[in-house]
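Chemist: Provided below are the primary sequence and the corresponding predicted coordinates.
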Amino acid sequence: MSAPPASDRPVRTRIAPSPTGMMHIGTARTALFNWLYARHRGGNFLLRIEDTDRERSTEANVQVIFEGLAWLGLQPDEPPVFQFARADRHREAVAELLARGQAYRDYMTAEELEAERERARAEGRVVRSPWRDADPATWPDRPYAVRLKSPLDGETIVRDAVKGEVKFQNASLDDLILLRSDGNPTYNLAVVVDDHDMAITHVIRGDDHLNNAARQTVIYEALGWEVPVWAHLPLIHGPDGAKLSKRHGAQAVSEFDDMGYLPETMRNYLAKLGWGHGDDEIFSDEQAIAWFDIIDVVSAPARLDWAKLNHLNNHYIRLAEPARLAELVMKILKSRDVRLRQGDEALVLRTIPFVRDGAKTTLELADAVIFVLKSRPMDIPDKVRAQLDGEMLGRIGRLRAALAAVADWSFDPLAAALRAFAEAEGVGMGKFGPQLRAILAGASPAPDLAGTMTALGRDESLSRIDDALSLPA
Ligand code: GLU
């Protein structure tokens, strides 16, 4: 399809979440696409908090959004706009529509509206107010709602960068309420006024808002404002193709954090949900920014694929700075109430290079470093304990001597010493490796032996071996 209509205004996109207590992964993906597109076009990415539901819009719920965006690395370029605080401005726009004859006062009472609804349903049409063309002289003295004077026939076309041209028959759109009789602005009106005032050029959001785009287009036109470029994104589905829900495991951004996924993984992964660059699975932010365009978003729903997500996360864990990973791992261990001592972070840091290749999440990384933090003596599994007879302990004693002679206690010399020892004993590594591993790490998982010993350090490694040597054969 062709590119979206060009506008010479500088590109400005926004994410407009409602603070409901969690930040949905779909909202994160929407934020990412807005951020990528703004960056791609050298524009700005903005945040609007749609906090008109006063019960749910608590300080804490707003914080969840700030934290979610910060964690994802998608910082808005300007301070957030709060929708509720702009109600006066919304009312001002309604006054303008009234003055232009593009809106009207609707004095229908609740009962009259209900009766009209019934009639409309029976006649298979939308609700129409008798006040649409009423003479002001007939206006009663009672509260009124304000409705948009929508076109009665013809069609409203939403030119969508993802969906193409979507046509709505005007006869099927009722006259939208702009202001309720209690003076509160309605959602569609507020969105249009805010997007206009924020000079938003591209509205990129979930396709559950496609119908709203038709409504909003009519409001833009009534106000004589430039309609933004629409881009409605397909929803994210679970691996089974059903709409993403609790049973698929996770929905909230914070849950992905808690499950040990890195934000750069999420950016790369979410970018692939509905958009892509050929077969590229792994790309940097810079590449995504250079390549991203909304016209390349596909309109079919995207499916969450845990195996792919894990694969990507493993990639980014292998790329990450060890000090950052150590900090994350310490946080996880603290949350698990692991008793930590001074110096443990340094031990974790030293261990990370030996364990991270196998880790799909930072939780797995935390599991993988536990062996280094254990206090002696190790808890040797019964099966291995039974193998530690006189002959085996004799061999372990000789091995200890060989290891103690290693001058440079680091990976390569240790690996060489182990090989040389096996050769000198005339046995394969399998004849003492599993036992040594249990002696060094107990029942905890541990990397290969040279890595395990490098991570533990000389004194701790030899002490753990000494503990085993002092066991009764
Ligand atoms: N507040 C809406 C939502 O959270 C977004 C509306 C929009 O992006 O226009 O779904």
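Modeler: Noted; the coordinates are in hand.
Chemist: secondary structure class for the residue of the stretch 151-300 of the chain found nearest the ligand?
Modeler: Evaluated by Cβ to the nearest ligand atom, the stretch 151-300 of the chain has R205 as its residue closest to the ligand, separated by 3.7 Å. Placement of C-beta: from N, CA and C, glycine included. Three-state assignment for R205 (DSSP: H, G, I helix; E, B strand; the rest coil): strand.
Chemist: Could you find the closest non-adjacent residue to it?
Modeler: Nearest residue to R205 in three dimensions, chain neighbours excluded: T30, at 5.6 Å (Cβ to Cβ, 6 or more residues apart in numbering).
Chemist: Spell out the secondary structure type for A422.
Modeler: Classification of A422 by three-state DSSP places it in helix.
Chemist: Counting neighbours, what do you get for it?
Modeler: Per other Cβ atoms under 10 Å, the neighbour tally for A422 reads 17.
Chemist: And M108, by the same measure?
Modeler: When neighbours are counted by other Cβ under 10 Å, M108 registers 18.
Chemist: One more: the one 5 residues further on?
Modeler: The number of residues packed near L113 is 14, by other Cβ under 10 Å.
Chemist: Now do it against A307, distance only.
Modeler: 52 Å (Cβ to Cβ, to the nearest Å).
Chemist: got it, and A103?
Modeler: Separation of A103 from A307 (Cβ to Cβ): 53 Å.
Chemist: neighbour count winner among those two?
Modeler: Legend: neighbour count by other Cβ under 10 Å for A103 and A307, higher for A103 (27 against 9).
Chemist: Excluding covalently adjacent residues, which one is nearest to the more buried one?
Modeler: Nearest non-adjacent residue to A103, counting by Cβ to Cβ, 6+ apart: L97, 3.8 Å away.
Chemist: And the host helix or strand of that neighbour, what's buried?
Modeler: Under the criterion of DSSP states H and E, L97 resides in helix 87-99. Using 16 or more other Cβ atoms under 10 Å as the test for burial, helix 87-99 gives 90-91, 93-94, 97-98.
Chemist: Just list what the least confident helix or strand in the chain by mean pLDDT packs against, helices and strands only.
Modeler: Within the chain, no helix or strand scores below strand 302-303, which has a mean of 88 by mean pLDDT, DSSP states H and E. Strand 302-303 sits against strand 236-237, with contacts defined as 3 or more Cβ pairs under 8 Å, 6 or more residues apart in numbering; DSSP states H and E.
Chemist: which residues are contacting the first helix or strand past the strand it packs on going along the chain?
Modeler: Moving toward the C-terminus from strand 236-237, the next helix or strand (DSSP H and E) is helix 253-258. Among residues not part of helix 253-258, those counted as contacts by Cβ atoms under 8 Å, 6 or more residues apart in numbering are 22-25, 27-28, 64, 67-68, 71-72, 250, 263, 266.
Chemist: how about a cut-off of 7 Å?
Modeler: Here helix 253-258 makes contact (Cβ atoms under 7 Å, 6 or more residues apart in numbering) with 22-23, 25, 28, 68, 71-72, 250, 266.
Chemist: and which of those residues is nearest to the ligand?
Modeler: M23 (10.0 Å).
Chemist: The ligand contacts on this structure?
Modeler: By the rule Cβ under 6 Å from any ligand atom, the part of the chain lying against the ligand is 16-18, 50, 191, 205, 209.
Chemist: got the contact list for the nearest residue to A93 once chain neighbours are set aside?
Modeler: Nearest residue to A93 in three dimensions, chain neighbours excluded: V193, at 4.7 Å (Cβ to Cβ, 6+ apart). Neighbour list for V193: 89-90, 93 [criterion: Cβ under 7 Å, 6+ apart].
Chemist: Roughly how far does V193 sit from L223?
Modeler: For V193, the distance to L223 - Cβ to Cβ - is 8 Å.
Chemist: Please enumerate the shared neighbours of these two.
Modeler: Joint contacts of V193 and L223 (Cβ under 7 Å, 6+ apart) are A93.
Chemist: pLDDT wise, what is the closest residue in space to D174 that isn't next to it in sequence at?
Modeler: In this structure, D174 finds its nearest non-sequential neighbour in V126, 4.0 Å apart by Cβ to Cβ, 6+ apart. Note on V126: pLDDT of 95.
Chemist: Now for M23, how many residues are close by?
Modeler: Counted with other Cβ under 10 Å, the neighbours of M23 add up to 26.
Chemist: give the contact list for it.
Modeler: Residues in contact with M23 (Cβ under 7 Å, 6+ apart) are 17, 64-65, 68, 252-253.
Chemist: Adding neighbour count, write those out as TSV.
Modeler: As requested, these are arranged in TSV below (neighbours: other Cβ atoms under 10 Å):
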residue	neighbour count
P17	23
V64	19
I65	24
G68	23
A252	18
V253	28
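Chemist: re earlier: wait, isn't the residue nearest to D174 in contact with N170?
Modeler: No. The pair V126 / N170 is not scored as a contact, 9.8 Å apart, by Cβ atoms under 7 Å.
Chemist: residues contacting S129?
Modeler: Counting by Cβ under 7 Å, 6+ apart, S129 touches 106, 108, 147, 175.
Chemist: ok, now D285?
Modeler: Residues in contact with D285 (Cβ under 7 Å, 6+ apart) are R267.
Chemist: so what's P381 closest to, chain neighbours aside?
Modeler: Spatial nearest neighbour of P381, chain neighbours left out: A443 (5.0 Å); criterion: Cβ to Cβ, 6+ apart.
Chemist: isn't there a helix covering Y104?
Modeler: No. Assessed with three-state DSSP, Y104 is strand; it does not lie in a helix.
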